[in-house]
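K.L.:
got a predicted structure plus its sequence, pasted below:
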Amino acid sequence: MVDNAVKPLGARFVKLWAASTTSALGSGLAMVATPLLVAARTDDPLLVSAAAAVGWLPWLLFALPGGVLVDRVDRRRLMVLVDWARVAALAVLAGAIATGHAGLPLLYAVLFVVNCGEIVFRAASQAVLPAVVPRERLERANGLLFGGTTLMQQMVAGPLGGFLFVLAAGLPFLVNAATYAASAVLIGLVGGVYRALPGAATGQDGAPADAAGPTPAGSVLAEMAEGLRWLLRQRLLRTMAVLIGLLNVTLTAATAVLVLLADQRLHLGSVGYGLLFTCMAAGGVLGAVVGDRLIAAVSAVWTIRVGLLIEAGMHLVLATSRSPYLIGFALFAFGVHGALWGIVANSLRQRLTPPEMLGRVGSSNLFVAAGGNCLGALLGGVLAGAFGLTAPYWVGFVVAVLVTAATWRVFDRTTVGAAYAVPDRVAPEPADAPLGTA
């Protein structure tokens with residue numbers, strides 16, 4: 001028998017990972033180039049910030065209906081279609097920039113289309129994964145996907161995007177289009193049918209069952225509500241979703257004013273400020289690489305609990321320390337925690353959710369996370385302006401301590417162990433226990 005630690009993930013996963021990592025590089029290039037392009041055309045702060053708002057708006061508008069779409073159609077084909085649509089949109093933008101016809105309205109429109117596609121693509125890829133890899137290798141697969149995305153988006157894309165923009169303003173967007181095209185080709189090479197039916201099961205090798213027909217569909221609103229209700233009735237997944245939303249509020253509030261902290265308290269230049277994010281990204285890559293083994297060694301229970309303590313500690317260090325080295329280490333530790341948390345959360349959700357609801361439940365989590373990010377981006381500036389630069393970090397510390405205390409007993413060995421032992425298809429838990437109670 002092959003040990004799970006070395007059991008291969010298979011050729012289909014390799015293609016999925018290559019597609020995801022390549023796509024992440026392109027997305028990272030666009031993330032870097034977009035504010036540079038806007039700033040080159042206007043110095044109006046409202047117009048500059050509008051680019052970020054347009055980037056987040058689709059997550060609030062279309063995350064939930066996007067999950068319905070993922071659960072209604074063949075997920076692999078949907079991912080291919082989304083990639084080609086994004087290729088077309090970015091090619092139009094790159095051509096317009098090259099010919100001098102790229103106004104801000106066109107840029108905002110392309111950003112909106114690309115981010116709508118990102119929502120659907122991400123929900124579909126998370127829903128496909130349990131049918132691509134063996135159930136016992138979900139942690140390893142999620143870790144590799146997270147690591148590839150972090151490496152490309154947060155470490156490689158930054159300097160490369162700036163360099164390409166200097167060569168030609170449209171070049172980062174053109175390369176982004178090429179990465180989405182490569183992703184579409186790679187996903188197209190993944191064999192199998194990935195249309196989820198009620199009661200759908202995977203084979204012993206993780207291969208999806210072929211679908212004989214479309215999933216019975218009700219109204220979009222009814223299916224969205226069904227996914228949300230199912231998530232809310234799952235005590236463990238419900239708690240993790242709420243935690244992600246709350247902690248994203250404080251995390252985004254903290255990072256929104258980090259540039260001011262780096263300048264006024266740490267006296268770092270632009271390079272030093274960028275290195276703080278590099279520390280976080282390096283921690284994320286390390287956590288992704290060793291995540292499955294570390295989780296197996298210390299258990300998912302303590303991975304979650306210690307991670308919450310690390311989150312509180314990071315905010316405390318940012319609130320009190322003037323040492324860039326200590327803050328860099330705190331951000332590195334947070335990056336490791338973020339990777340481990342993502343691996344555990346995605347793997348638990350993929351294990352517990354019925355196959356035909358993976359899209360809706362996954363998109364519900366994306367919706368909650370995006371809501372936290374949007375609120376946090378506004379909250380950071382408000383708190384810092386009203387109560388001082390360190391106020392967002394003190395608020396983050398207090399919130400992290402409170403949610404750790406409130407949810408400590410939820411993440412016990414019995415509850416989490418039962419989640420790992422549950423069969424591929426499960427019924428939701430009764431909604432008889434309030435959040436944060438044993």
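P.N.:
Ah, there it is.

K.L.:
Leu231 and Asn346: what is the separation?
P.N.:
From Leu231 over to Asn346 the distance is 14 Å, taken as Cβ to Cβ, to the nearest Å. For every residue, glycine as well, the C-beta is placed using N, CA and C.

K.L.:
swap that for Leu260, please
P.N.:
Counting by Cβ to Cβ - Leu260 and Asn346 are separated by 33 Å.

K.L.:
of these two, give the one with the bigger neighbour count.
P.N.:
Asn346 (21 against 14; other Cβ atoms under 10 Å).

K.L.:
give me the neighbour count for the residue lying closest to the more buried one once chain neighbours are set aside.
P.N.:
Nearest residue to Asn346, sequence neighbours excluded (Cβ to Cβ, 6 or more residues apart in numbering): Asn142, at 4.7 Å. Neighbour count for Asn142, taken as other Cβ under 10 Å: 24.

K.L.:
quick check, Ala262 in contact with Leu268.
P.N.:
Yes: Ala262 is in contact with Leu268 according to Cβ atoms under 8 Å; the separation is 4.4 Å.

K.L.:
mutual contacts of those two, please.
P.N.:
276, 324 (Cβ atoms under 8 Å, 6 or more residues apart in numbering).

K.L.:
in which helix or strand would I find Ala386?
P.N.:
Per DSSP states H and E: Ala386 is located in helix 358-387.

K.L.:
that helix packs against which elements?
P.N.:
helix 45-72, helix 104-132, helix 220-233, helix 235-256, helix 324-352, helix 391-407 (3 or more Cβ pairs under 8 Å, 6 or more residues apart in numbering; DSSP states H and E).

K.L.:
so can I have a markdown table of the ones you listed showing mean pLDDT?
P.N.:
What follows is the helices and strands packed on helix 358-387, written out as a markdown table (pLDDT from 0 to 100):
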| stretch | mean pLDDT |
| --- | --- |
| helix 45-72 | 78 |
| helix 104-132 | 89 |
| helix 220-233 | 87 |
| helix 235-256 | 87 |
| helix 324-352 | 91 |
| helix 391-407 | 92 |
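
K.L.:
give me the neighbour count for the residue lying closest to Val92 once chain neighbours are set aside.
P.N.:
Take Val92 and drop its neighbours on the chain: the residue closest to it by Cβ to Cβ, 6+ apart is Val110, 6.9 Å away. Burial of Val110, expressed as a neighbour count using other Cβ under 10 Å, amounts to 24.

K.L.:
next: Phe163.
P.N.:
If we define neighbours as other Cβ under 10 Å, then Phe163 has 12 of them.

K.L.:
show the average pLDDT along the helix or strand hosting it.
P.N.:
Assessed by DSSP H and E, Phe163 sits inside helix 157-167. Helix 157-167 carries an average pLDDT of 85.

K.L.:
may I see the buried residues of it?
P.N.:
For helix 157-167, the neighbour count (16 or more other Cβ atoms under 10 Å) marks 157-158, 160-161, 164-165 as buried.

K.L.:
and of those residues, the nearest to Phe277?
P.N.:
Distances from Phe277 to those, taken as Cβ to Cβ, are shortest for Gly158 (8.0 Å).
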